[in-house]
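*Asks:* Let's see this in three dimensions:
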Amino acid sequence: MSRVLNVAVVGCGIGRSHIVEGYLPNADKFRVIALCDLNGERLDQIGDDFGIARRITNFNDLLIMEDVDIIDVCTPPGAHFSMVMAALQAGKHVVCEKPLVGSLQDVDAVMAQEKVSAGKLMPVFQYRFGDGIEQAKTIIDAGLAGKPYCGTVETFWRREAPYYAVPWRGKWKTELGGVLMGHAIHPHDIFTYLMGDIARIFGRVATRVNPIEVEDTISASLEMKSGALASFTATLGSVDEITRIRLQFENVTFESDHAPYNPGNKPWKILPRTDEIKASIDALLENWTPVPSRFQTQMARFHEAIHGQRPLPVTSADSRRALELVTAFYHSSSTHTEVTLPLGADHPLYGSWVPAEFR
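*Replies:* Numbers count the residues shown, from 1 in each chain. Presented below is the predicted three-dimensional model:
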């Protein structure tokens, strides 16, 4: 029988969502036994809200706690690499918020460490989970969708001055990027999860909305390895907020629910090209088991992966693909050239995409 795993949550901002959406609904699988945060007031608030007595301000103290099975890193992005590496070296399982790290060089170092560590690492891409995206993935994997033709991703969100009042936001050194890194990274991951790897990209980034260091508006034209074409657009200056993913395959059109922060959840629009394809899809989904969205399913599947019951639901390779897109995007925008993927250690931004003056 799979045992309950003890979790220490580091960072009580998004860490609250991990607790509420991920660990509490999976109380038969996880128990949060420790919190770590530099903000004592927030630490006590979250501890009191959820009855967590162990409250730590020094991350290194968690590494030597023998009863902690999982360290869940929910800190600002600039701190991820050192914490993930230390936790893996200490033999812990690790969950880490996006972006996993701040460069391809760092993600390659993490992947090398994984190979010699006892613990498993799961980056967070919670938008992958829910009925809509799961049904689309099932249809594609069954071969019913056919050849991919093209697709679009629109990430139209809204961020204003109160959002950037948090000191680490909007700054290269601590956030590591803007809408491309911290916001559109989720819908872009959904797209590649369903449509496969990117072959080439021509991208543009701009700071149009807010007085910040990093970008808040982006656009790109992409060619996928399958030959399909795609376009990505995102801004943090939208009046309303939507996330829209529309995919055109040979036999099926898919369109996501437009909920900005949970596009994978509700059943997607599925438009079969023929009655025969519709009948095959209906048969495939006839006994569908509902898939809880976001952190609830991702954490449940992580528990199963730790106990050898399934593969990891999100891997460091998935994070590398996301960060490779980010790297190529920034390079394309700054050089006004098309960038071919994959990117290796010889790429000029392999060590960092952050502009030199902000490192």
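*Asks:* before we move on, what SS does residue 337 have?
*Replies:* coil (DSSP: H, G, I helix; E, B strand; the rest coil).
*Asks:* What pLDDT does the model give it?
*Replies:* Turning to residue 337, the model gives it a pLDDT of 98.
*Asks:* what's the neighbour count on it?
*Replies:* 10 (other C-beta atoms under 10 Å). All C-beta spots, glycine's among them, are computed from the backbone N, C-alpha and C.
*Asks:* Same check on residue 175?
*Replies:* What residue 175 shows, counting by other C-beta under 10 Å, is a neighbour count of 23.
*Asks:* residue contacts, it?
*Replies:* 76-78, 168-169, 181-182, 214 (C-beta atoms under 8 Å, 6 or more residues apart in numbering).
*Asks:* try it again with 7 Å
*Replies:* Residue 175 sits next to 76-77, 168-169, 181-182, 214 when contact means C-beta atoms under 7 Å, 6 or more residues apart in numbering.
*Asks:* What segments of the stretch 201-350 of the chain are strands?
*Replies:* 217-224, 229-235, 237-249, 252-255, 269-272, 339-340 (DSSP state E, counting those that start in this stretch).
*Asks:* Show me what the shortest one is packed against.
*Replies:* The reference is to strand 339-340. Applying 3 or more C-beta pairs under 7 Å, 6 or more residues apart in numbering; DSSP states H and E, one finds that strand 339-340 contacts strand 198-206, helix 316-335.
*Asks:* one step back: how about CSV for the strands of the stretch 201-350 of the chain, with distance to residue 288 and mean neighbour count added?
*Replies:* Output for the strands of the stretch 201-350 of the chain, formatted as CSV (distance: least, C-beta to C-beta, whole Å; neighbours: other C-beta atoms under 10 Å):
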stretch, distance to residue 288, mean neighbour count
strand 217-224, 28, 20
strand 229-235, 28, 20
strand 237-249, 20, 17
strand 252-255, 16, 20
strand 269-272, 12, 16
strand 339-340, 39, 17
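*Asks:* returning to that earlier point: out of the helices and strands packed on strand 339-340, deepest packed?
*Replies:* helix 316-335 (a mean of 22; mean count of other C-beta atoms under 10 Å).
*Asks:* give me every residue that touches the residue nearest the centre of the chain.
*Replies:* Centroid-nearest residue in the chain: residue 125, 2.9 Å away (criterion: C-alpha atoms, centre = their mean). Neighbour list for residue 125: 98, 186, 189, 314, 318 [criterion: C-beta under 7 Å, 6+ apart].
*Asks:* Show the average pLDDT along the helix or strand encompassing the third one.
*Replies:* For residue 189, the enclosing helix or strand under DSSP states H and E is helix 185-195. Mean per-residue pLDDT for helix 185-195: 98.
*Asks:* Check stretch 245-254 too.
*Replies:* 98.
*Asks:* how far does it stretch from start to finish?
*Replies:* 8 Å (C-alpha to C-alpha, to the nearest Å).
*Asks:* what's in contact with that stretch?
*Replies:* With C-beta under 7 Å, 6+ apart as the test, stretch 245-254 has contacts from 136, 139, 144-153, 187, 190-191, 194-195, 255-256, 263, 268-273, 277.
*Asks:* what's the burial count for residue 104?
*Replies:* 24.
*Asks:* scratch that, residue 266
*Replies:* Neighbour tally, residue 266, other C-beta under 10 Å: 15.
*Asks:* All good on my end, thank you.
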